[in-house]
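A.B. asks: predicted model and sequence follow; I will ask about them next.
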Amino acid sequence: MAIKRTAWASGRVVTLEHTSAILADNPLGDPHVRPFDVWLPPQYDQSAGRGRGRRYPVLFDLVGFTASGKSHTNWRNFDENMPERVARLVHEKKMRPCVIVFPDCFTALGGNQYINSSAIGRYADYLTQELIPFIDGELRTHATRESRGCFGRSSGGYGAMLHGMKYARYWGAIANHSGDAYFDFVYRSDWPNTLNMLAGYRSRERRSGAVNVSREEAGVEEGLDDGRVSRFLADVWGRGKLAGDEVYCLMNLAMAASYDPDPDAPNGFRLPFNLETGELIPARWREWMKHDPINLVRRYRKNLKTLRGLFIDCGWRDQYHMHYGSRILSKRLTAAGIAHRYEEFPDTHSGIDYRMDRSLPYLTRALR
C-alpha cells in the first residue's frame, strides 16, 4: 500500500542502555550490555512539568525469531513501524497513551523464546527481574502488573503466552500473535530439512555401497551431537550471510537449546531426532512437549485467570501451521474457564503487524 507519513504528534523514541547481571557470562557469549529503544507518547513530554508528571501504562514488544527490538523502530517502506503505528492509534483515540519498550533479546542462535535456558541464557529472568524494574526506575510508568503488558508475534507471541502463564505476577495483560503452539505440527515437519543440512557437516564423507547403520549412528541415539552441529554453528558464525535453509536449521537448533538444554551435552543441549536415521527420540521429544503452550493451560490455569486481558489471533493460511495450535490453545483455555479473545483472519504468518491495530487497543483497555 502507499502510505503518507504522519501529520500528527508522533511522540519520540529514546535509546536506553542496561547492563545485565543475569546475562553476564551467558553460555553463548552474547553481550550483557544492551542498548534498546523505548517509545514515549506525545503526552509524556506535555505532562512532564505538571508536578511529578503523569504516569503511563507500559507494554513490552517481544519480536519474532531473528529480529531484535530495533527492527520495530526502524523506518519501513510502504508500512508503518511500531512507533508510527502506535502514534496513529493514540491520535485516533483507539488506544490509550502508553510507553512501549523494545527489548534486545537477540542471541548467536538467532533469537530465543523469552524463557530461561542453561544453553542460551535466562531471558525470562532478564525481562522480569531486570528490565521491568529498570524501566520503572527510569521512566514515569505505573509500576504495577495491572498497568503492564507484553505482546509479540511468532516467537514473540510464544514468549508473551509463556509469560502470561508462568510470570503472571509481572504482567496484567498479554497478546499472542501467531505464537508457536502444537509443536507436533509446527516443528516436526521441518526437522528432515535440518537433518539434511547437518549431514553436510558429518566427520566422514558418505560413500556408495554397503552401510553399517549401527556403526554410523553411534553416539547420536540419545540426541547427542557427534560434531556436525558444532561444525555447522562454527561455519555460520564465521560468515556474514546465511541462506534461507541455514536460517531454518539454526532456528531448530535454537528451539532444541530452548526446550531441551543439558549442560553436560555437546553444545549444551540435546536433539529430538537421531542425526543418522531421523528417528524421533521419545525421551527428548517429551522435553519439548513440556514447553508447548497447549500442554500448559491446566498447569497454569490459576495464573491465567488473573490476567486482565488475553488476546490471541492467527491467520488461517499460516504457512507454519500455527493456526491449528492457536485453535487448540483457545479450545483448552475455554475448557479451563479462562476468559480470552481469539480471532482469525485471511492471511499467512508473514507481514501481519497490521493485526496489532486489534491487539494494542485491547491491551490498553485491559490495563489500568
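C.D. replies: Right, received. Where do you want to start? Numbers count the residues shown, from 1 in each chain.
A.B. asks: drop to CA atoms for contacts and neighbour counts, all remaining ones
C.D. replies: Will do.
A.B. asks: beyond the helix or strand containing Phe311, next helix or strand please.
C.D. replies: According to DSSP states H and E, Phe311 maps onto strand 309-315. Counting by DSSP H and E, the element after strand 309-315 in chain order, helix or strand, is helix 322-335.
A.B. asks: in that next one, what counts as buried?
C.D. replies: Residues of helix 322-335 classed as buried by neighbour count (16 or more other Cα atoms under 10 Å): Met322, His323, Tyr324, Gly325, Ser326, Arg327, Ile328, Leu329, Ser330, Arg332, Leu333.
A.B. asks: contacts only, for the third one.
C.D. replies: Meaning Tyr324. Going by Cα atoms under 8 Å, 6 or more residues apart in numbering, Tyr324 touches Tyr182, Phe185.
A.B. asks: can you pull the pLDDT of it?
C.D. replies: At Tyr324, the pLDDT value in this model is 98.
A.B. asks: any idea how far His349 is from it?
C.D. replies: Going from Tyr324 to His349 by Cα to Cα, to the nearest Å gives 13 Å.
A.B. asks: same check on the first one?
C.D. replies: As judged by Cα to Cα, Met322 and His349 stand 8 Å apart.
A.B. asks: which neighbours do these two have in common?
C.D. replies: Common neighbours of Met322 and His349 (Cα under 8 Å, 6+ apart) are Ser178, Cys314.
A.B. asks: remind me which helix or strand Pro35 belongs to.
C.D. replies: If you go by DSSP H and E, Pro35 is part of strand 33-40.
A.B. asks: now do the helices in the stretch 51-200 of the chain.
C.D. replies: For the stretch 51-200 of the chain, applying DSSP state H, counting those that start in this stretch gives helices covering 82-91, 123-125, 132-138, 155-166, 183-186, 191-199.
A.B. asks: where are the low-confidence patches of this protein?
C.D. replies: 1-7, 48-51 (pLDDT under 70).
A.B. asks: list the contacts of whichever helix in it runs longest.
C.D. replies: Counting residues, the longest helix found in the chain (DSSP state H) is helix 244-259. Applying Cα under 8 Å, 6+ apart, the contact partners of helix 244-259 are 65, 109-113, 115-117, 119-120, 187, 191, 193-194, 197, 233, 236, 268-272, 287-288, 290-291.
A.B. asks: how big is the angle separating that helix from helix 191-199?
C.D. replies: 100 degrees (axes from the mean of the first three to the mean of the last three Cα atoms, to 10 degrees).
A.B. asks: picking that back up, got the angle between the strand holding Phe311 and helix 322-335?
C.D. replies: Put simply, strand 309-315 runs at 150 degrees to helix 322-335, going by the same axes, to 10 degrees.
A.B. asks: please save the CA atoms from strand 309-315 in PDB.
C.D. replies: C-alpha atoms of strand 309-315 as PDB (Å, rounded to 0.1, in the frame of the first residue of the first chain):
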ATOM      1  CA  GLY A 309      -6.700  -9.400  29.200                       C
ATOM      2  CA  LEU A 310      -5.600 -12.300  27.000                       C
ATOM      3  CA  PHE A 311      -5.700 -11.800  23.200                       C
ATOM      4  CA  ILE A 312      -4.700 -14.500  20.700                       C
ATOM      5  CA  ASP A 313      -5.000 -14.400  16.900                       C
ATOM      6  CA  CYS A 314      -3.600 -16.300  13.800                       C
ATOM      7  CA  GLY A 315      -4.100 -16.300  10.100                       C
END
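A.B. asks: what helices and strands are in contact with it?
C.D. replies: strand 173-177, helix 322-335, strand 341-345, helix 356-366 (3 or more Cα pairs under 8 Å, 6 or more residues apart in numbering; DSSP states H and E).
A.B. asks: please repeat the previous calculation with a cut-off of 6 Å.
C.D. replies: strand 173-177, strand 341-345 (3 or more Cα pairs under 6 Å, 6 or more residues apart in numbering; DSSP states H and E).
A.B. asks: please identify the most buried of these.
C.D. replies: strand 173-177 (a mean of 32; mean count of other Cα atoms under 10 Å).
A.B. asks: neighbouring contacts of that one?
C.D. replies: Applying Cα atoms under 6 Å, 6 or more residues apart in numbering, the contact partners of strand 173-177 are 149-153, 157, 307-313.
A.B. asks: of all those residues, which comes closest to Tyr126?
C.D. replies: Cys150 (14.2 Å; Cα to Cα).
A.B. asks: Met356 - how many residues pack around it?
C.D. replies: Number of residues near Met356 (other Cα atoms under 10 Å) recorded here: 21.
A.B. asks: what separates it from Ser154, distance-wise?
C.D. replies: Separation of Met356 from Ser154 (Cα to Cα) stands at 13 Å.
A.B. asks: before we move on, what about Ala243?
C.D. replies: From Ala243 to Ser154 the distance is 20 Å (Cα to Cα).
A.B. asks: just want to know which of these two has more residues nearby.
C.D. replies: Counted by other Cα under 10 Å, Ala243 and Ser154 do not tie: Ser154 has more neighbours, with 24 against 8.
A.B. asks: skipping adjacent residues, who's closest to that one in space?
C.D. replies: Excluding its sequence neighbours, the residue lying closest to Ser154 (Cα to Cα, 6 or more residues apart in numbering) is Gly179, at 4.2 Å.
A.B. asks: so that neighbour sits right up against Gly157, yeah?
C.D. replies: Yes - in this structure, Gly179 is within contact of Gly157 by Cα atoms under 6 Å, at 4.2 Å.
A.B. asks: circling back to that earlier point, format the helices and strands packed on strand 309-315 as CSV; extra columns: distance to Asp25.
C.D. replies: Formatted as CSV, the helices and strands packed on strand 309-315 follow (distance: least, Cα to Cα, whole Å):
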stretch, distance to Asp25
strand 173-177, 30
strand 341-345, 40
